[in-house]
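Novice: Here is my input, please return the structure:
(one chain, ligands or ions: 2)
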Amino acid sequence: VPATDPVPLVSVDGRGARPLATGIGEVDRVLAGGLVPGSVTLLYGEPGVGKSTLLLQVLASVAETGARALLVSAEESAAQVRARAERLGEIPPDLFVVATADAGDAEAAVGAIEPALVVVDSVQTLSDPGAGSAPGAVSQVRSCAERLARLARARGPAVVLVGHVTKDGDLAGPRMLEHLVDTVLAFEGDRHHTLRLLRAVKHRFGTTGEVGLFEMADRGVRDIADPGPLLLGDRRAEVPGSAVAAIVEGRRSLVVEIQALVCAGAGGARRTAVGVDARRLATVAAVLESRAGISLAGLELFASVAGGLRANEPAADLPLALALASATTGLALPDDMVSLGEVGLAGEVRQVTGIDRRLAEAGRLGFRRALVPTSAPTGPADLELVRVASVAEAFELAVGEVRDRRHPVPPVRGGGTMPLCPTTASS
Ligand SMILES: Nc1ncnc2c1ncn2[C@@H]1O[C@H](COP(=O)(O)OP(=O)(O)OP(=O)(O)O)[C@@H](O)[C@H]1O
Ligand SMILES: [Mg+2]
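Specialist: Residues are numbered from 1 along each chain as shown. Ligands and ions are numbered 1, 2, ... in the order given. Got it, this is the predicted structure:
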């Protein structure tokens, strides 16, 4: 039967669409099983985040199962690729490399080797002399991607294209490939930190809810089954300005430390946010000032999320507010307490999504108390829920016992003088 003739769907053999497991747990989790034969995946990330490293590991892992895997290296020579591969471990005999920037050469290599997996690193450096524009031009990138997509569909290998993005997230090139490919993966992380996130932005063969977590080490990326110790490992107990938040990434919850620092520095009323949205920081600070009587006027504020993660979601408002209030007053929050909730402009603490997941993760990591919105459902048995209606109430409840132990009582409500630097008030 010619392939263009319609056939009853029930008679179609579905086995060809089964995903090829890469053997790297977190990658397979994000892809809902693995890379689908004949499909095209775009993996993008900032320079140096580890795209080449991750994909070389994927290639080696697939080649280890006896399937052939081919790297089309348009940026690095075969010798450079070999050096990287040696650093990452054993080099399996079924791992092939072709160093070329020509799309035609890449096609010929696929034809010669018939691999199950082809990685092209990167699609922006590949060129298609037939496309009639300069390499790197948008039309070139698109033309190369189209050729590789046709090749994947015709010959059946899973194809992965690497795409570069710039620091502000916009990518001249790859983004316009999103509709052309079956799957789009974002590889994220701060290159100065070891944590990496792999996210499915688009996936035709499964959900996009999963997030893969990796640790970047000298010997490549490693799956992180339990991110808790990595994210909270350096946290110091009972330090003013530190609060614990439970954020949600995909279907997972990650418990992270939000830190704040308040100083009467030369910067005046400047606000510096790292991993926290700057507008959110400004809003939460304004709410603290007007609704909780915490005077921040003229002070320089810093807020950051430890570990290079981002906590740009409403649920992180309350811990951010508590970290700021704690830094301002010098009163440390209890060590075993997490908090979650969106902070409204009236100072009210509002419901957030995914509360069960957040509380479950906090409970699993050993936290014993959680400040939550009044409407929150019940949490895990070993986690005491403290329901709070407002930021002011939350802070009172959080530091109440600390304040009772200490004299004189630092003023919190109604403004007044305040210790400017956390160290002046901490014991
Ligand atoms: N020889 C080495 N020893 C230890 N670490 C290395 C070595 N070479 C590279 N790395 C680390 O691995 C990280 C990831 O590099 P990789 O080349 O995989 O990133 P990439 O996303 O492909 O970058 P690019 O956008 O430049 O292609 C680098 O930031 C670097 O810190
Ligand atoms: Mg690279």
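Novice: contacts and neighbour counts: CA atoms only from here.
Specialist: OK.
Novice: and this structure, which residues reach ligand 1?
Specialist: Applying the criterion Cα under 6 Å from any ligand atom, the portion of the chain that neighbours ligand 1 consists of 47, 48, 49, 50, 51, 52, 53, 191, 218.
Novice: State the distance from the last one to residue 310.
Specialist: Meaning residue 218. Residue 218 is 24 Å from residue 310, where distance means Cα to Cα, to the nearest Å.
Novice: Give me the more crowded residue out of those two.
Specialist: Neighbours per residue, other Cα atoms under 10 Å: of residue 218 and residue 310, the larger number sits with residue 310, 20 against 7.
Novice: Give me the secondary structure label for that one.
Specialist: Under DSSP: H, G, I helix; E, B strand; the rest coil, residue 310 falls in the coil class.
Novice: Could you find the closest non-adjacent residue to residue 211?
Specialist: When the adjacent residues along the chain are set aside, residue 211 lies closest to residue 199, with 4.9 Å between them (Cα to Cα, 6 or more residues apart in numbering).
Novice: Which strands border the helix or strand that contains the one you found, and is each parallel or antiparallel?
Specialist: Taking DSSP states H and E as the definition, one finds residue 199 inside strand 195-203. Strand 195-203 has these partner strands in its sheet, going by DSSP bridges: strand 183-188 (antiparallel), strand 211-217 (antiparallel).
Novice: chain center to the longest one: distance?
Specialist: Which is strand 211-217. With Cα atoms, centre = their mean, to the nearest Å as the basis, the distance from the averaged C-alpha position of strand 211-217 to the chain average is 9 Å.
Novice: Same check on the shortest one?
Specialist: In terms of Cα atoms, centre = their mean, the gap separating the centre of strand 183-188 from the centre of its chain is 10 Å.
Novice: Run through who's touching it.
Specialist: Outside of strand 183-188, the residues within contact range by Cα atoms under 8 Å, 6 or more residues apart in numbering are 39-46, 49-51, 178, 196-204.
Novice: ok, now the longest one?
Specialist: Under the criterion Cα under 8 Å, 6+ apart, residues 26-27, 29-30, 50, 194-200, 221-225, 227, 249-252 lie in contact with strand 211-217.
Novice: Mind doing that once more with 10 Å?
Specialist: Contact partners of strand 211-217, identified using Cα atoms under 10 Å, 6 or more residues apart in numbering, comprise 25-31, 49-50, 53-54, 88, 186-189, 191, 193-201, 220-227, 230, 248-252.
Novice: now, which of those lie within strands?
Specialist: 186-188, 195-201, 220-223, 248-249, 252 (DSSP state E).
Novice: Just the buried ones out of those, please.
Specialist: For those, burial is judged from neighbour counts taken by 16 or more other Cα atoms under 10 Å, and it is met by 186-188, 195-201, 220-223, 248-249, 252.
Novice: For the stretch 151-300 of the chain, which segments count as helices?
Specialist: In the stretch 151-300 of the chain, the helices defined using DSSP state H, counting those that start in this stretch lie at 228-232, 278-291.
Novice: rank these by pLDDT, which is bottom?
Specialist: With a mean of 83, helix 228-232 has the lowest mean pLDDT of the helices of the stretch 151-300 of the chain.
Novice: now for it, which elements pack on it?
Specialist: Packing contacts for helix 228-232, counted by 3 or more Cα pairs under 10 Å, 6 or more residues apart in numbering; DSSP states H and E, involve strand 252-263, helix 355-364.
Novice: which of those sits most buried?
Specialist: The densest packing among the helices and strands packed on helix 228-232, expressed as mean neighbour count by mean count of other Cα atoms under 10 Å, is seen in strand 252-263 with a mean of 24.
Novice: Output it as PDB, nothing but the C-alphas.
Specialist: Output in PDB follows, covering the C-alpha atoms of strand 252-263 (Å, rounded to 0.1, in the frame of the first residue of the first chain):
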ATOM      1  CA  ARG A 252       7.500  19.000  41.700                       C
ATOM      2  CA  SER A 253       7.900  21.200  44.600                       C
ATOM      3  CA  LEU A 254      11.300  22.500  45.600                       C
ATOM      4  CA  VAL A 255      12.000  23.900  49.100                       C
ATOM      5  CA  VAL A 256      14.300  26.900  48.800                       C
ATOM      6  CA  GLU A 257      15.800  29.600  51.100                       C
ATOM      7  CA  ILE A 258      14.900  33.200  50.400                       C
ATOM      8  CA  GLN A 259      17.300  35.600  51.900                       C
ATOM      9  CA  ALA A 260      16.900  39.300  52.500                       C
ATOM     10  CA  LEU A 261      19.300  42.000  53.600                       C
ATOM     11  CA  VAL A 262      18.400  45.500  54.700                       C
ATOM     12  CA  CYS A 263      21.000  48.300  55.000                       C
END
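Novice: low-confidence ranges in this structure?
Specialist: Low-confidence segments of the chain, defined by pLDDT under 70, are located at 1, 135-136, 166-175, 404-427.
Novice: make it 50
Specialist: Counting by pLDDT under 50, the chain contains low-confidence residues at 407-409, 411-427.
Novice: Of all the residues in the stretch 251-400 of the chain, which one is nearest ligand 1?
Specialist: For the stretch 251-400 of the chain, the residue closest to ligand 1 is residue 308, as judged by Cα to the nearest ligand atom, at 14.4 Å.
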